[in-house]
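Colleague: turn this into a structure:
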Amino acid sequence: MTAIKHALQRDIFTPNDERLLSIVNVCKAGKKKKNCFLCATVTTERPVQVKMVKVKKSDKGDFYKRQIAWALRDLAVVDAKDAIKENPEFDLHFEKIYKWVASSTAEKNAFISCIWKLNQRYLRKKIDFVNVSSQLLEELPKVTEESVPSGENQSVTGGDEEVVDVYQELNAREEQDIEIMMEGCECAISNAEAFAERLSRELQVLDGANIQSIMASEKQVNILMKLLDEALKEVDQIELKLSSYEEMLQSVKEQMDQISESNHLIHLSNTNNVKLLSEIEFLVNHMDLAKGHIKALQEGDLASSRGIEACTNAADALLQCMNVALRPGHDMLLAVRQQQQRFSDLREQFARRLASHLNNVFVQQGHDQSSTLAQHSVELALPNHHPFHRDLLRYAKLMEWLKSTDYGKYEGLTKNYMDYLSRLYEREIKDFFEVAKIKMTGTTKESKKFATLPRKESAVKQETESLHGSSGKLTGSTSSLNKLSVQSSGNRRSQSSSLLDMGNMSASDLDVADRTKFDKIFEQVLSELEPLCLAEQDFISKFFKLQQHQSMPGTMTEAEDLDGGTLSRQHNAGVPPPVSSEKDMIRQMMIKIFRCIEPELNNLIALGDKIDSFNSLYMLVKMSHHVWTAQNVDPASFLSTTLGNVLVTVKRNFDKCISNQIRQMEEVKISKKSKVGILPFVAEFEEFAGLAESIFKNAERRGDLDKAYTKLIRGVFVNVEKVANESQKTPRDVVMMENFHHIFATLSRLKISCLEAEKKEAKQKYTDHLQSYVIYSLGQPLEKLNHFFEGVEARVAQGIREEEVSYQLAFNKQELRKVIKEYPGKEVKKGLDNLYKKVDKHLCEEENLLQVVWHSMQDEFIRQYKHFEGLIARCYPGSGVTMEFTIQDILDYCSSIAQSH
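Modeller: Numbering: from 1, shown residues only. You can find the predicted model right below:
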């Protein structure tokens with residue numbers, strides 16, 4: 001191995017100014033054993049670079065070549081595999097892991113030991129050694145990077161690699177001093193012994209000078225010691241004087257301590273007195289109720305405005321006294337407890353008095369309002385509750401006080417108000433709807449100013465009574481409602497006008513005046529109910545101090561059923577509810593008070609629907625408008641929800657009306673003896689469309705009408721075709737032509753945008769069946785002539801040239817002249833006259849299509865004439881054969897026939 005080292009040093013590393021420190025013979029683990037050498041080297045020049053080089057022996061000779069080199073600073077981990085057992089394997093972790101197997105464990109250990117020493121000296125211990133025996137890792141003295149060994153001061157031995165003694169390099173200052181010293185001696189380089197002897201003599205001289213200097217300074221030291229002794233004596237005297245002064249000041253300190261303690265006690269007493277005075281002033285100022293307030297609470301007049309104001313101020317003062325935030329310990333004072341008890345007694349007494357008075361006011365309101373019902377019994381108007389609300393709103397602040405101090409009595413007042421007012425409103429609303437029904441049916445004396453229905457009075461009365469007997473369950477949902485005054489609702493009501501422009505129509509034996517009357521009555525009913533509900537809800541919110549504007553706009557709460565019982569509360573008695581419960585409370589109060597509105601509206605709607613099913617159109621438009629208006633104000637209000645529920649019923653009636661019309665179309669029967677003419681359901685569709693267009697003009701529910709139009713027109717188309725197929729007296733084409741012409745005329749006149757496709761379809765059907773009827777009715781007026789030319793066309797179709805047809809025996813010129821002579825002008829006119837009479841019998845008078853059909857027949861006859869003339873000209877050229885009448889004769893015949901009839 002030594003010979004290999006020297007060879008490697010000589011051949012590979014010396015030319016590169018490198019020195020070999022350690023070597024190990026290895027091969028790669030797990031592969032064929034191709035031996036190579038791992039060498040640890042350092043450069044001989046500064047800065048020193050430590051490398052690990054892989055050297056491989058050449059296959060062609062005994063020389064070695066350098067294969068790959070790694071910088072030692074790139075080595076991260078040295079893994080010896082096992083620190084206890086001998087194992088020749090080890091790993092070196094560079095940018096990747098290299099696995100090696102050494103030729104012997106001793107070589108592996110020597111190489112790892114060398115790497116460890118190089119790491120300690122040059123790399124500041126950056127390499128991690130894993131599974132390495134501690135005996136191999138021997139600490140070296142800490143040296144700086146400048147202590148790099150020179151080329152001659154390091155050597156590498158066989159199995160035990162170690163570095164020679166530590167060499168410390170001179171710094172620049174030391175080098176400069178040595179150079180100066182050597183320059184001062186000529187023999188420093190030529191005679192080293194003389195130079196060393198000289199340096200020794202100079203060193204002895206310097207040592208002697210140092211000793212002499214030390215001995216000369218002894219006198220000065222003695223003087224210094226004497227001065228220190230004198231200073232110590234002065235310090236002792238000063239300490240004696242300070243001790244006497246301290247004894248004198250001790251007595252003064254005791255006296256000052258006594259004075260300070262006395263001042264502290266005086267200050268503490270004053271502070272306590274100030275605090276006590278502050279507490280007494282606080283209690284007196286905040287828990288003292290004026291005698292005037294006490295008298296107002298005990299005896300104040302709750303009927304007069306001045307008395308109500310005095311009671312309100314006194315109640316507020318009492319509430320402030322009771323709600324004062326007492327400081328810790330106040331509640332333990334007897335006077336405070338007595339005052340609080342007195343306040344509680346005053347509160348209970350005044351709360352009972354206030355609740356009793358308001359209950360009496362509620363009862364009196366019911367009696368006073370009942371006395372005014374008689375004057376409204378003949379008028380379609382609801383009594384005005386504004387004076388009652390105005391009087392009660394004077395107690396609004398007292399109700400707020402009662403709500404915050406005694407919620408139980410506040411709750412009792414709320415329930416009593418609902419009980420009294422629900423009965424009062426029920427009487428008023430039922431009487432109001434009775435008047436509305438009477439005015440609709442016209443069965444009393446007051447109805448003379450309205451047109452009476454052409455229906456038996458007893459039947460109407462029976463229907464009305466059956467409607468009154470029906471009961472409904474009131475469902476609704478109310479939440480917040482914007483503060484709207486009754487006047488603004490009245491203005492909105494006055495702006496909505498009745499629908500008067502309906503034309504001259506009739507359905508179910510009703511005329512325009514009857515429908516206009518119903519429209520006005522229904523609009524007036526809704527216009528009376530709307531301000532009534534808005535005013536009552538606004539009053540409830542103000543009087544009972546309930547929040548009604550907390551919900552987000554655009555949200556609808558689900559309808560809640562009220563069974564007529566007491567209000568359900570989710571809070572403890574005596575504790576004011578949160579805002580969400582207050583909104584529920586407003587909703588439930590409105591439902592309880594106006595529980596009869598929805599059933600009465602449903603009964604009125606059912607009556608209107610029985611009077612005339614077309615009334616559902618008016619009700620749908622009016623109800624939709626009012627629902628839309630109410631939802632714009634507050635989509636979650638009681639009024640909006642109730643009207644929305646009723647609108648559902650109206651929409652069902654409207655759908656039922658459309659379904660009934662379609663069913664009547666399907667059930668229509670035509671007479672077998674008389675001509676059909678315009679079918680009844682076609683005329684009814686025209687009437688319905690005209691009425692609907694006038695009613696739904698600018699309406700919010702136009703989409704519902706468009707859907708109804710689509711259903712109806714489909715039903716009309718299908719059933720017109722059905723009737724036409726079943727018709728025996730009138731030809732099918734006539735039924736289709738007349739009815740689709742009527743439908744087209746109706747749709748063109750009304751200009752219904754959603755039925756544009758149906759209008760085009762009706763026109764196409766009318767045109768097709770007109771042409772079909774003309775061809776069918778006209779038939780073959782020149783029958784023999786027509787048969788003759790059909791034979792001519794058949795010969796031409798078989799391949800005979802047109803100019804050669806005249807040579808056929810059956811179609812020669814003589815045969816042609818014979819056929820033409822059978823149709824002189826007189827016979828043609830007679831045939832046309834009979835045809836006119838036949839068409840006149842088929843067509844109905846109201847549609848006035850006779851002249852249109854006759855003109856079409858005239859055009860068709862002329863077309864056939866021209867066709868015959870063309871065949872004669874092509875097949876019999878130069879024969880001089882012509883018809884015995886001309887086109888002008890045909891026009892004269894048709895004109896004279898039309899004028900004569």
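
Colleague: part of a strand, is His741?
Modeller: No. Applying DSSP: H, G, I helix; E, B strand; the rest coil, one finds His741 to be helix, outside a strand.

Colleague: is it correct that it is in contact with Gln764?
Modeller: No. Using CB atoms under 8 Å, His741 is not in contact with Gln764; the gap is 11.6 Å. The way it works is simple: take the backbone N, C-alpha and C, and place the C-beta from them, glycine included.

Colleague: which one of these two is surrounded by more residues?
Modeller: A direct count of neighbours by other CB atoms under 10 Å for His741 and Gln764 places His741 higher, at 22 against 12.

Colleague: ok, that one to Val42 distance?
Modeller: To Val42, His741 is 119 Å away according to CB to CB, to the nearest Å.

Colleague: likewise for Ala692?
Modeller: Distance from Ala692 to Val42, by CB to CB: 110 Å.

Colleague: same check, this time on Val734
Modeller: Taken as CB to CB, the span from Val734 to Val42 is 125 Å.

Colleague: which one of those two has more residues nearby?
Modeller: Val734 (28 against 21).

Colleague: what's the neighbour count on the nearest residue to the more buried one once chain neighbours are set aside?
Modeller: Take Val734 and drop its neighbours on the chain: the residue closest to it by CB to CB, 6 or more residues apart in numbering is His842, 4.8 Å away. Counted by other CB under 10 Å, the residues lying close to His842 total 21.

Colleague: same thing with the one 5 residues further on?
Modeller: As a burial measure, Glu847 scores 17 neighbours (other CB under 10 Å).

Colleague: now the strands for the stretch 551-700 of the chain?
Modeller: Remark: strands assigned in the stretch 551-700 of the chain by DSSP state E, counting those that start in this stretch are 560-561.

Colleague: now the helices for it?
Modeller: 579-593, 597-611, 615-633, 638-667, 680-695 (DSSP state H, counting those that start in this stretch).

Colleague: now do the third one and helix 638-667, the angle between them.
Modeller: Here the directions of helix 615-633 and helix 638-667 differ by 150 degrees (axes from the mean of the first three to the mean of the last three CA atoms, to 10 degrees).

Colleague: buried residues of helix 615-633, list them for me.
Modeller: For helix 615-633, the neighbour count (16 or more other CB atoms under 10 Å) marks 615-627, 629-631, 633 as buried.

Colleague: can you pull the phi/psi pair for the residue nearest to Arg817 when sequence neighbours are not counted?
Modeller: Ranked by CB to CB, 6+ apart and with sequence neighbours excluded, the top spatial neighbour of Arg817 is Val881, at 5.9 Å. When read as degrees, to the nearest 10, the backbone of Val881 gives phi -80, psi 130.

Colleague: please parse this protein into its domains.
Modeller: 1-136, 205-287, 668-780, 784-900 (the TED database).

Colleague: make TSV from the ones you listed and add mean pLDDT and distance to Ile591 to it.
Modeller: Converted to TSV, the domains of the chain look like this (pLDDT from 0 to 100; distance: least, CB to CB, whole Å):
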stretch	mean pLDDT	distance to Ile591
domain 1-136	87	84
domain 205-287	85	44
domain 668-780	85	26
domain 784-900	82	55
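
Colleague: now do the contacts for Ile872.
Modeller: Listed by CB atoms under 8 Å, 6 or more residues apart in numbering, the contact set of Ile872 reads Leu816, Ser879, Val881, Thr882.

Colleague: now it: which helix or strand?
Modeller: For Ile872, the host element (DSSP states H and E) is helix 850-875.

Colleague: so which bits of that helix are buried?
Modeller: By neighbour count on 16+ other CB under 10 Å, the buried set for helix 850-875 is 850, 853-854, 856-858, 860-861, 864-865, 868, 871-872, 875.

Colleague: which among those residues gets closest to Leu227?
Modeller: Nearest to Leu227 among the buried residues of helix 850-875 is Ser856, at 157.3 Å by CB to CB.

Colleague: wait, doesn't the closest one sit right on Leu770?
Modeller: Yes. Between Ser856 and Leu770 there is a contact under CB under 8 Å: 6.2 Å.

Colleague: rewinding a little: pick the most buried one from the domains of the chain.
Modeller: Among the domains of the chain, domain 668-780 has the highest mean neighbour count (mean count of other CB atoms under 10 Å), at a mean of 18.

Colleague: how far is it from where the chain is centred?
Modeller: Offset of domain 668-780 from its chain centre (CA atoms, centre = their mean, to the nearest Å): 47 Å.
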